[in-house]
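S.K.: Sequence plus predicted model, see below.
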Amino acid sequence: MRSWLLSTMLALVATSAVAGEAAKAPPAAAASPPPETSALPAPKGTCTNPDPLGVARTVEIDTTGGPGFGMEHYKAYDFLQDKEVVLTFDDGPQVGTTTAILDALDAECTKAIFFSLGKMALGLPEIIRDVAHRGHTIGTHTWSHQDLRKKSDQEAKDEIEKGISGVRRAVGGPISPFFRYPYLRDSAATLAHLQSRNIAMFSTDADSFDFKRQTPEKLVENIMKKLEKRGKGIVLMHDIQPHTAKAMPALLAALKAGGYKVVAMKASTELTTLAEYDAMIEKDVKGLPAAGSERPISSVVKTVPN
């Protein structure tokens, strides 16, 4: 993709760029989501774009046995067709940046996978619930982003399972049996554990390296070059990065201009948690109802005539 085209796209979407650096997430959960009322507008994620990038197709994954996706590490299931991409984001949720990315995805009526950290999700449950509300797939990325190869087998299992319990607790609803390793570093013991839990593993085909400081223009250029080289792929990004949030409208515009199509991924079954880890993470839960006590807010609070 030529640099002049990218610059033009960025200029067109500059008004939707997120401003400033994102605040750090608090160590424990923040406020609950705002009450639903009968006067609320149409749900976020409703497509109003007459000519969107959209979603070309949705694939449903049977995660039995823990299949792997992403040709950088797992080469058995190359399911994408030419010019197809899967958009993925790691490490969130985060204040400001995650919402800006969601808004950009909504503007193009397209979907992504968010691999959330358990600790971050419990710290910002209203944001991860917004991810779910807008119809995106939610997977997990451990509890606190540790390099599992440097942990004992038990410590690595704890990181995985606490992450699952934390994300599921924060979402307050189903999550997908999709997992991405921090640093993309797996191990024999953790692979066996994920396979025994029927959790699919995700690597990447096009790593944005957006954790490195770079301009939004350069980020878009780098991603498009990698996609053009492979012709398709699972794209790895991070929804905690301000420059990624700023670049998202231009990236989606570049994908559309380049003839790329977005593929959404979902699982045929939801991910179940393990009771011992549900109990373990309760000390980190603040401001959320006790497990099992949630009711839809609309059944508790509603607007009535004055």
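M.R.: That came through, no problem. Remember, it's a predicted structure, so these values are computed and weren't measured experimentally.

S.K.: for stretch 140-153, what is the average pLDDT?
M.R.: Averaging pLDDT along stretch 140-153 gives 98.

S.K.: From start to finish, how long is it in a straight line?
M.R.: Using Cα to Cα, to the nearest Å, one end of stretch 140-153 lies 18 Å from the other.

S.K.: cool, stretch 89-96 as well?
M.R.: By Cα to Cα, one end of stretch 89-96 lies 15 Å from the other end.

S.K.: List of residues touching that stretch?
M.R.: Applying Cβ atoms under 8 Å, 6 or more residues apart in numbering, the contact partners of stretch 89-96 are 18, 20, 22-25, 98, 101, 112-117, 120-121, 124, 127-128, 131, 141, 145, 180, 236-240, 242, 244-245. In this view, the C-beta of every residue, glycine as well, is placed from N, C-alpha and C.

S.K.: Tell me the bridge partners for residue 88.
M.R.: Residue 88 has the following beta-bridge partners by DSSP bridges: residue 113, residue 236.

S.K.: Check what pLDDT it gets.
M.R.: For residue 88, pLDDT reads 98.

S.K.: close enough to count as contact, it and residue 184?
M.R.: No: Residue 88 lies out of contact with residue 184 (Cβ atoms under 8 Å); the separation is 11.9 Å.

S.K.: okay, and the common contacts of the two?
M.R.: In contact with both residue 88 and residue 184: residue 204, using Cβ under 8 Å, 6+ apart.

S.K.: Pick out whichever of those two has more residues nearby.
M.R.: residue 88 (25 against 16; other Cβ atoms under 10 Å).

S.K.: top helix in this protein by residue count?
M.R.: helix 153-171 (DSSP state H).

S.K.: List the contacts of it.
M.R.: So helix 153-171 is contacted by 29, 116-119, 121-122, 124-125, 128-129, 132, 138, 140-144, 146, 148, 151, 174-175, 179, 187, 189-190, 193-194, 271, 273-274, 277-278, 280-281, 284-285, 288, 291 (Cβ under 8 Å, 6+ apart).

S.K.: Also compute the angle for the strand or helix carrying residue 130 relative to helix 153-171, please.
M.R.: Using DSSP states H and E, residue 130 sits in helix 125-133. Using axes from the mean of the first three to the mean of the last three Cα atoms, to 10 degrees, the direction of helix 125-133 lies 80 degrees away from that of helix 153-171.

S.K.: helices or strands up against helix 125-133?
M.R.: helix 97-107, strand 113-116, strand 137-140, helix 153-171 (3 or more Cβ pairs under 8 Å, 6 or more residues apart in numbering; DSSP states H and E).
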